[in-house]
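Asker: A predicted structure for the sequence below; I have some questions about it.
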Amino acid sequence: MVTVLVTLGSVRSAIVREFTAAQWHTAMLTQIVPVAAGAPVVAGLWLWLAWANGRGHDWARCASMALVGLLTLGLLIGLGAGAALYAPADLIAMTVPWLVGLAVMVLIFSKTASPYYQQEPAQQ
């Protein structure tokens, strides 16, 4: 979120040549504002899932995998929107959490981590 806000001026100057004022406004509302607003929510979700994984909740592994899937989708959308061309710092800021999430998936789904997760008892 900090990277997006800090680089907002350079992003605007880089794409102002290609965008009209209405297109820039649409890009702000559809791409930049959701990232800035969603970043604290995603950070809180990561912390909550880390806490749940640390306590051995099996459902937290699946939820973490879903969050990494959403990060992957966001990264692909950013690449498709041209973030590599007009916002390389933002692309790096999106790639780092994705790589961390990928490493988390490898670690929590490894064979050595499996004994630490407890299965939920069956409901009768």
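Answerer: Done, it's in.

Asker: only C-alpha atoms for contact and neighbour calcs from this point on.
Answerer: Will do.

Asker: burial of residue 20, as a residue count?
Answerer: Neighbour count of residue 20, defined by other Cα atoms under 10 Å: 11.

Asker: gap between it and residue 26?
Answerer: 10 Å (Cα to Cα, to the nearest Å).

Asker: for residue 39, same thing?
Answerer: In terms of Cα to Cα, residue 39 sits 20 Å off from residue 26.

Asker: can you check residue 80 too?
Answerer: Distance from residue 80 to residue 26, by Cα to Cα: 16 Å.

Asker: more neighbours: which of these two?
Answerer: Comparing residue 80 with residue 26 by other Cα under 10 Å, the one with more neighbours is residue 26, at 13 against 10.

Asker: secondary structure element holding the residue lying closest to residue 113 once chain neighbours are set aside?
Answerer: Counting by Cα to Cα, 6 or more residues apart in numbering, residue 113 lies nearest to residue 107, which is 7.1 Å off, once chain neighbours are set aside. Using DSSP states H and E, residue 107 falls within helix 88-108.

Asker: if you count contacts, what does that helix end up packed against?
Answerer: Counting contacts by 3 or more Cα pairs under 8 Å, 6 or more residues apart in numbering; DSSP states H and E, helix 88-108 is packed against helix 2-6, helix 58-80, helix 83-86.

Asker: try it again with 10 Å
Answerer: helix 2-6, helix 8-15, helix 33-54, helix 58-80, helix 83-86 (3 or more Cα pairs under 10 Å, 6 or more residues apart in numbering; DSSP states H and E).

Asker: format those helices as TSV; extra columns: distance to residue 116 and mean pLDDT.
Answerer: Formatted as TSV, the helices and strands packed on helix 88-108 follow (distance: least, Cα to Cα, whole Å; pLDDT from 0 to 100):
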stretch	distance to residue 116	mean pLDDT
helix 2-6	35	59
helix 8-15	43	61
helix 33-54	9	85
helix 58-80	9	87
helix 83-86	39	60
